[in-house]
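Q: predicted structure and sequence below. I'll ask about it afterward.
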Amino acid sequence: AEDWYFQVLAIYSHKVYLENSVSKPLLSVLFSGSCATMAGIRCSRALLYTYVVYFVSASKPSTVTSALQCDIAIAGGSTASLAAAITAAEAAPELTICFTEITDWPGGQMTAGGVPAIDFGSANKMPENQPKSFRDAMEFLPGNPGACSVSTKCYLPNDFVDKWIKPRLANSTNLVVLLRTVVRNTTRSPSGEIQALSVVQREPTSSHPEWYFSLSRELEDWYSPTDSEYFTKKEIEISAKVFIEATELGDVLATSGLPFAQGLEFPLENSTTYENCGQAQTLTFYMTLLDKPEIAPPFVPPGADGGIPFPSAANLTKNAPGDAWHHTWSWRRSHCAGNPSLTAVNVGDITQQNLFNDLDTAYLFPTMAAVREELATGWHGGINLTALQMLENRAYATFHVLVKASGLLNASFPDRVALDYTTSGTLHGLSKMVYWRDTRRAIGIDGYRLTHPPLRDTTGPTGTHFYDSVAIGDYNDDTHHLRMPSCVYPPYIGTGRGEGAKPYYIPLRAMLVGGASNLLVAGKTMSQSFHANSNTRLHPSEWSAGVAAGGTAVLMVRNAWTSADALTHVATVQDFLNSSAVGAPRVFTMGSGTNDIPDGTVCELQRCFGVDKQAATKSHHHYQNSTTCDNDCQSLASYEWLANADFWTSNTTVGSLIYAKQSTVLKKSTVTSSSLPPSELAAVDTGAPCILQNATQFAGYWLCIHHVHTA
């Protein structure tokens, strides 16, 4: 352990942090707006307070308690919180916006959460279906920097933070950004309004490098207001007129005493929740291929599997280069240093890993009883730290499994495949934060919660267009394993996992909270079911929800509205969100919308199969009678399927493998999956293979072979 410590310090010194910070004073100023220059830092025209704290290795200052008055306070940490902060600050420059961030990288899963690969659906990859701020972010990332297979947009999160997020936030002088800040307590009035958030902001001490220790070891310290060996703390009370809960852990919901839900609704979607059964979380990391072995490579803890057994090295490298090892290398590759082929492994590539590190034997959120017990003694995030440590060990073990298997591909790889500490931004080598797939969820006004059927089970080309729709999204119901073996998916999810939704709408009601008239929720904390969250939790949808919450909060402050008033005036809210001040699309830009209407069969790709009206127009061999089609063309075999090219990797070599970019379905027809019988569908998980049968596509579909295994 002592060797590990000094090796990590050596890595740290390469970041030039110690040379620049040890034994030097650190001036901290919280401000909004600009008026003058103080010690080289611009201060505020509406200066709230200024204080100076000197951090010297030999001293530990006492906690400073301060008050901060804002118009809108955003409790953050998620992708949605960043979107809400940008939206509110830019749409209302006359208001003071306060924005907390649990790490030092705003952006949630896009940055600190370690998933820099945007999960688009088929509709929201179109710029016309993106809020302007999100479109700006995507335009900052030209092309696909990582040449990854899972997305059309994979990138380096550290560059994205430094070159786009922080400059964008700094452009708004009315925005107070509180990095390394957590919500410890929430104060409510007798009528239920949120009055203030008690937050703890930490700064690393000069004697200990930041991000050296694991999250499981540090998390409780982050929430403690008491100075520690590793951090000095400040307690700040943030008052505001409107609050937005967009944390990853549901801190405001838990500490406010408001009711909330967590886990899976069982046996029906309108049932109570199995609070200890939820999605498997993951902790990602980044790998790189070095030009030559390191003389003294950093120590990487061995870890432990703690979940489903890992595939063997032989299975990971079987049928190379069309093997699982190459697949996981390019799956979420963040930086491509050479050949962009999905089977290429280039010196200097940086690749994010999360295909094998899900923890499905423990749920990170403890029971409601455990939450109440923690609240009685002091909130520190409400996380099962034993499970979190298991997750960390699983991540390290995944790294070692991949390194060992690499030796079967190239004898020099095990000495050259290494963790990339710069991209993760940590000294322990894992991402700064967990990739949270679910969390604590609000209960809406009059018990409202968004459920999954309106996202998919409709007759038109989109989900239900609610009267109070304020955001749009598009992704399948991306559900991962539950805690095994005691948790199982109920039939209402089990038959539809990966089948997906249509492009869908998010209603304002999902962002309102019963019992707190000045509180909005955005992202995974929305008033929604577990199943609905599996659709809305992905990057573009989270961002859209954050934009809607930020814009709605602006109108609530300007008009002295409650959240119920905002719902009453939802047309005004919709107009504002769609205005140039915010730039959020109101409805989807789509094709003809006829892909849910069957229209006979076609003979294409040397096979006869069913089509929708739109696909039928693309064929010169269209039949209304399937028997006639069968006479002219061979029918699909039981193992032959149509794969929507939007959700599968690309290849043009017959007999090669294509892989599912996400949980999806294979079909026997181009008709929307919700309109097909179960016999014509095969749900597949992320990474599922299919053998290409034809080098061309028809109407955006590949023809491929996939054997469905039944018990």
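A: Arrived safely.
Q: and D227, helix, strand or coil?
A: coil (DSSP: H, G, I helix; E, B strand; the rest coil).
Q: gap between it and T205?
A: Counting by Cβ to Cβ, to the nearest Å, the gap from D227 to T205 is 8 Å. Backbone N, C-alpha and C define where each C-beta goes, glycine included.
Q: from the neighbour counts alone, determine which of these two ranks first.
A: Neighbour totals were compared for D227 and T205, and T205 leads with 21 against 18 (other Cβ atoms under 10 Å).
Q: so where is this structure shaky, pLDDT-wise?
A: By pLDDT under 70, the weakly predicted segments of the chain are 1-64, 495-501, 590-596, 662-663, 673-675, 709-711.
Q: got the contact list for the residue most central in space within it?
A: By Cα atoms, centre = their mean, the chain has its centre lying nearest to Q109, at 3.7 Å. Q109 sits next to S78, T79, V115, Y435, W436, H539, E542 when contact means Cβ atoms under 8 Å, 6 or more residues apart in numbering.
Q: which of the residues you listed sits closest to I194?
A: S78 (18.0 Å; Cβ to Cβ).
Q: residues in contact with that closest one?
A: Applying Cβ under 8 Å, 6+ apart, the residues contacting S78 are G108, Q109, A246, T247, E248, W436, A522, G523, K524, T525, E542, G546.
Q: closest one of those to M556?
A: Using Cβ to Cβ, A522 comes nearest to M556 of the contacts of S78, at 13.6 Å.
Q: so how far is A117 from the closest one?
A: A522 sits 22 Å away from A117, going by Cβ to Cβ.
Q: those two - which one has more neighbours?
A: A522 (33 against 26).
Q: for the chain, longest strand please?
A: For the chain, the strand with the greatest residue count under DSSP state E is strand 194-204.
Q: quick one, the following helix or strand past that strand and strand 194-204 angle?
A: The first helix or strand that comes after strand 194-204 along the chain, using DSSP states H and E, is helix 215-223. Going by axes from the mean of the first three to the mean of the last three Cα atoms, to 10 degrees, helix 215-223 is angled at 120 degrees with respect to strand 194-204.
Q: what sits up against whichever helix or strand comes after helix 215-223?
A: The helix or strand immediately downstream of helix 215-223 is strand 231-239, counting by DSSP H and E. With Cβ under 8 Å, 6+ apart as the test, strand 231-239 has contacts from 53, 55, 60-61, 63-70, 73, 98, 100, 178, 181, 184, 195-205, 221-222, 224-227.
Q: what's the distance between the residue sitting furthest away from the middle of the chain and K613?
A: The C-alpha centroid of the chain is most remote from N631, which lies 48.8 Å away (Cα atoms, centre = their mean). Per Cβ to Cβ, N631 is found 23 Å from K613.
Q: the stretch 401-550 of the chain: strands as residue ranges?
A: Applying DSSP state E, counting those that start in this stretch to the stretch 401-550 of the chain gives strands spanning 417-419, 441-442, 469-473, 504-507, 519-521.
Q: would you tell me which one of those is buried the most?
A: Across the strands of the stretch 401-550 of the chain, averaging neighbours per residue (mean count of other Cβ atoms under 10 Å) puts strand 519-521 on top, at a mean of 30.
Q: neighbouring contacts of it?
A: 194, 242-246, 252-253, 256, 258, 442, 510-513, 527, 549, 552-553, 556, 563.
Q: in helices, which of those fall?
A: When these are checked against helices (DSSP state H), the matches are V252, L253, S256, A549, T552, A553, M556, S563.
Q: closest to F466 among the contacts of S78?
A: Taking Cβ to Cβ as the measure, F466 sits nearest to A522 out of those, at 16.5 Å.
Q: spit out the contact partners of that closest one.
A: 78, 80-81, 83-84, 244-246, 511, 542, 545-546, 548-550.
Q: circling back to that earlier point, nearest to T627, of the contacts of Q109?
A: Of the contacts of Q109, the one sitting nearest to T627 (Cβ to Cβ) turns out to be H539, at 46.2 Å.
Q: which residue, other than its chain neighbours, is closest to that closest one?
A: Excluding its sequence neighbours, the residue lying closest to H539 (Cβ to Cβ, 6 or more residues apart in numbering) is I118, at 5.0 Å.
Q: can you give me the helices for the stretch 501-650 of the chain?
A: With DSSP state H, counting those that start in this stretch as the criterion, the stretch 501-650 of the chain has helices at 530-536, 539-559, 563-568, 570-578, 613-616, 626-632.
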